[in-house]
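In: sequence and predicted model, in that order:
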Amino acid sequence: MTPTMLRFAGLLGMVFLLVFPLLYTGSNYSFIMHLWITAFFYAILASSWALLAGYAGQFSFCHMAFMAIGGYTTGLFNNYLYFSNTPTTTCTEFAIGDRWLVVLDPIGVAASPRTCLDAAHSAWAEAGIAGEVLIGQPSLWFGIGLGVIMGGVFGLLIGALVLRLRTVYLALFTVGFSEILRAVISAEIAVTRGQAGLELSPLFPDGITLFGTYFAATHKLPPYYLMLGLFLLCLAIMGLLVRSRFGLFIRALREDEDAAQALAVNTVRYKILVFVITSMMAAAAGAVQAHYVGIITPNILIILQMSLVIAMAVIGGLESIVAAAIGAIVIQFALELLRTSFDIGPWTIDMSVWRLVFFGLLLMLTLRFFRNGLIFSLILKVERDAVAKETVSKRQAAAEPKEID
Amino acid sequence: MIQLEVTDLHKRFGGLHVLRGVTFTVQGPELIGLIGPNGAGKTTLTNILDGAIKPSSGTVHLNGQRIDHLPPYRVTQTGVGRTFQVTRAFRRMTVLENLYVPALAMNPGARAKQYHAKAMEVLEFLTIDHLRNEYGRALSGGQQKLLELGRLLMLDPDIFILDEPFAGVHPKLMEIIYRFIQHVNDQGKAIILISHQMESIFTLCRRLLVLNYGDLIADGDPQTVKRDPAVIEAYLGEDEDQSGVGLVTEKGT
């Protein structure tokens, strides 16, 4: 096994992911595709968290909070904002040129809330101008974009606030932030619908035509390619970053912040930057996933969810974004496919519960025996073998008289 | 012409008055030894010079620019480079990557590849070129010291502050570090050398600064300083009882 073969394997894997939805024809197509989409979602989170924690050494526990910020931003955007050419007079609205930006009243948790928009519609009908009214929602892509921006804004804020915090203090601070956000979303029931969850329109509400074929709004193929595209985009950006001075400096920051400063590295800038970049990625994943699933609840913010992402990154390999991503995909599949219960003699092992036990054991064993993660350890072995050989051969060459070949 | 002006530096940590009005000037490529007993304030002075901590009062100017209030990375960019008493190699980065950090931090827009040749030259000079792709943590203590010196060569500051470069170093390595000091000094750089090894200090340095519990008690050529009664009493002399001296607390005074 050589580094070149590794790269070739990576390329093969990528091609496999690209053609899989076109070639797979199993009867459980939708289920398998759903697993892949969710796996990509977690892969984005785990790999961006690996950049933050593994490369830059910032053990943040609020990565899922940034994800939720992305999801809720687009969710609120999707539920509350309309554009109209006629003022509603019943809703909160702002004139923008000859258009009106309409903000709906809080929807609350009533089964079918009567919104200020319904009132406006009846008023328009009574006045006989319903035909002239043009009202519609801005494209959900603006909401997703706004979600990514909000992720960046909060990343900047948290990054600036934790500048002087290291290790345990950083972890506690970020847990605090995550919990506050969850509490706020849960408490603001009128706006966010609390535990009932905020509903979002599907990614492609009217369906979409790809490769000359029409796919309905519920078809899994378009979201598969969207999430895969986002995943590969994030990987590509992070791949470029870690190979640039950015990657060098955030690793120096992780190793020794004071020494990095003494070598002219502006550690403050890079610490904040890494927070901003990774939170934007988490927010992007969260925003797309929220539309894909169609509902978002504050439960995505529970510590268990964050732990899952951390465990994926750790088992894959914290110091490699690719290994963390592979770890996330493998574990996502393992967790889903290990749900089948089985019998050992008289005992029935309920795997829907026990899989988490096995998962926890795997995490503990990884931390004890493979601190670089299961997948990264393999990659590292291949790459470092070459280095070791080189060092040894250089030393021998220096020690021995030169032979004629 | 390199010019470092340190004027009336004071540093207090809570009740401790660690530096008490330190004033000196470095002019041109001087090779200065900074000595004094443990707790004299040598490392505190170093930390202020490289911007890691701010003085309670007083100023530091480098080549006419005031630097004592700048963030550490800006101070470094202005021209102060230092090593640490306990080596601080980036352990999970390769030797070459360790060298690229200062080179890229000093040159925005540059790429690591452009510094490969220079880095190899530095590693050959320090005799650790065969380790270029090994992780920092794989290096021995002495090799890590050399790696730190290599990073300084890549940084190429005006003033090199070397904090205890000879501590726990065997003679062969000592020779390389001597050569390093001569080399950068020949290139017109100023060096402030902190060490407890009097032999090295007297061999290398042409000027000595002696700190004693926050006071600069001597500043001059080594032979004169050697005979200074205050220095003999505070540091060079035999078994003088120094307990308690300098640990003057501000409370109750």
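Out: Thanks, I have it. Quick caveat, the model's predicted, so the values are computed rather than measured. Numbering: from 1, shown residues only, chains lettered A, B, ... in the order given.

In: pairing partners for the helix or strand containing B:H10, with directions?
Out: Element membership for B:H10, per DSSP states H and E: strand B:3-13. Strand pairing for strand B:3-13, using DSSP bridges, gives strand B:16-27 (antiparallel), strand B:57-62 (antiparallel).

In: possible to save those strands as TSV with distance to A:H121?
Out: Just so you know, the C-beta spots here come from the backbone N, C-alpha and C atoms, and that holds for glycine as well. As requested, the strands paired with strand B:3-13 are exported to TSV (distance: least, C-beta to C-beta, whole Å):
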stretch	distance to A:H121
strand B:16-27	75
strand B:57-62	72
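
In: ok, which of the ones you listed comes nearest B:N212?
Out: For B:N212, the closest of those is strand B:16-27, at 10.0 Å, according to C-beta to C-beta.

In: number of residues surrounding A:V19?
Out: Per other C-beta atoms under 10 Å in any protein chain shown, the neighbour tally for A:V19 reads 9.

In: for burial, what's the neighbour tally of the residue lying closest to A:I310 once chain neighbours are set aside?
Out: Closest residue to A:I310 apart from its sequence neighbours, by C-beta to C-beta, 6 or more residues apart in numbering or on different chains: A:W49 at 6.9 Å. By the criterion of other C-beta under 10 Å, A:W49 has 31 neighbours.

In: hang on, the earlier thing: can I get the strands paired with strand B:3-13 in TSV including mean pLDDT?
Out: Below are the strands paired with strand B:3-13 laid out as TSV (pLDDT from 0 to 100):
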stretch	mean pLDDT
strand B:16-27	93
strand B:57-62	95
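
In: as a markdown table, those strands with distance to A:A388 and mean neighbour count would be great.
Out: Listed next are the strands paired with strand B:3-13 as a markdown table, based on distance: least, C-beta to C-beta, whole Å; neighbours: other C-beta atoms under 10 Å in any protein chain shown:
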| stretch | distance to A:A388 | mean neighbour count |
| --- | --- | --- |
| strand B:16-27 | 45 | 18 |
| strand B:57-62 | 43 | 18 |
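
In: closest to A:D105 out of those strands?
Out: Per C-beta to C-beta, nearest to A:D105 of the strands paired with strand B:3-13: strand B:57-62, 59.8 Å.

In: what sits up against the closest one?
Out: The contact list for strand B:57-62 (C-beta atoms under 8 Å, 6 or more residues apart in numbering or on different chains) reads B:3-10, B:21-22, B:48-49, B:66-68, B:75, B:78-80, B:158-159.

In: give me that answer again for 6 Å
Out: B:4-10, B:66-68, B:78-79 (C-beta atoms under 6 Å, 6 or more residues apart in numbering or on different chains).

In: can I get it in CSV, CA atoms only?
Out: Extracted C-alpha coordinates of strand B:57-62, given in CSV (Å, rounded to 0.1, in the frame of the first residue of the first chain):
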residue,chain,number,x,y,z
SER,B,57,5.4,50.9,33.3
GLY,B,58,8.3,51.9,31.1
THR,B,59,8.9,51.5,27.3
VAL,B,60,10.7,49.4,24.8
HIS,B,61,11.7,50.9,21.4
LEU,B,62,13.1,48.8,18.5
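
In: low-confidence ranges, the chain, go.
Out: Let's take chain A. Per-residue confidence for chain A (pLDDT under 70) gives these ranges: A:1, A:111-114, A:398-405.

In: that's the wrong chain, I wanted chain B
Out: B:237-253.

In: which residue is nearest the centroid of it?
Out: B:I161 (2.2 Å; C-alpha atoms, centre = their mean).

In: roughly how far apart are B:Y235 and chain A?
Out: 27 Å (C-beta to the nearest C-beta, to the nearest Å).

In: quick one: name the residues of chain B near chain A.
Out: Applying C-beta under 6 Å from any C-beta of the partner chain, we find that chain B lies next to chain A at B:50, B:72-73, B:76-77, B:82, B:88, B:90-91, B:93, B:100-102, B:104-106, B:130, B:133, B:151, B:155.

In: secondary structure element for residue 117?
Out: Let's take chain A. Per DSSP H and E: helix A:116-127 holds A:L117.

In: think we crossed wires, I meant chain B
Out: Counting by DSSP H and E, B:A117 is found in helix B:116-125.

In: apart from its neighbours in sequence, what residue is nearest A:T348?
Out: Closest to A:T348 by C-beta to C-beta, 6+ apart is A:S341, at 6.0 Å.

In: so how many other residues sit close to that neighbour?
Out: Burial measure for A:S341: 13 neighbouring residues, criterion other C-beta under 10 Å.

In: with B:E124 instead?
Out: Residues within reach of B:E124, counting by other C-beta under 10 Å, total 12.

In: how much space between it and B:L131?
Out: Look at B:E124 and B:L131: by C-beta to C-beta, to the nearest Å, they are 11 Å apart.

In: the residue nearest to A:T348 and A:F154, how far apart?
Out: Distance from A:S341 to A:F154, by C-beta to C-beta: 41 Å.

In: tell me where chain A has strands.
Out: Using DSSP state E, the strands of chain A run over A:81-84, A:92-96, A:99-103, A:135-136, A:198-199, A:208-210, A:213-215, A:295-296, A:342-344, A:347-349.

In: can I get the ones you listed in CSV with mean neighbour count and distance to B:V169?
Out: Converted to CSV, those look like this (neighbours: other C-beta atoms under 10 Å in any protein chain shown; distance: least, C-beta to C-beta, whole Å):
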stretch, mean neighbour count, distance to B:V169
strand A:81-84, 17, 68
strand A:92-96, 12, 71
strand A:99-103, 17, 70
strand A:135-136, 12, 75
strand A:198-199, 18, 64
strand A:208-210, 14, 67
strand A:213-215, 11, 69
strand A:295-296, 20, 60
strand A:342-344, 8, 62
strand A:347-349, 11, 60
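
In: between those, which gets nearest to B:T43?
Out: Per C-beta to C-beta, nearest to B:T43 of the strands of chain A: strand A:295-296, 53.0 Å.

In: what pairs with the closest one, and is each one parallel or antiparallel?
Out: Counting by DSSP bridges, strand A:295-296 is paired with strand A:198-199 (antiparallel).

In: please enumerate residues in contact with the helix or strand encompassing B:I48?
Out: Per DSSP H and E, B:I48 falls inside helix B:42-49. Residues outside helix B:42-49 that contact it (C-beta under 6 Å, 6+ apart): B:11, B:18-19, B:34, B:36, B:53, B:55, B:80, B:161, B:163, B:194, B:211.

In: over to stretch A:94-107?
Out: A:80, A:82-84, A:87-88, A:91-93, A:113, A:115-116, A:190-191.

In: one more pass at 8 Å, please.
Out: Against stretch A:94-107 from outside (C-beta under 8 Å, 6+ apart): A:79-88, A:91-93, A:113, A:115-117, A:135, A:190-191, A:193.

In: on that earlier part again, what angle sits between the helix or strand following the helix holding B:A117 and helix B:116-125?
Out: Tracing the chain past helix B:116-125, the next element assigned as helix or strand by DSSP H and E is helix B:141-155. Angle of helix B:141-155 versus helix B:116-125, following axes from the mean of the first three to the mean of the last three C-alpha atoms, to 10 degrees, is 140 degrees.

In: and helix B:141-155, what does it pack onto?
Out: Using 3 or more C-beta pairs under 8 Å, 6 or more residues apart in numbering or on different chains; DSSP states H and E, the elements in contact with helix B:141-155 are strand B:80-82, helix B:95-106, helix B:116-125, helix B:171-186.
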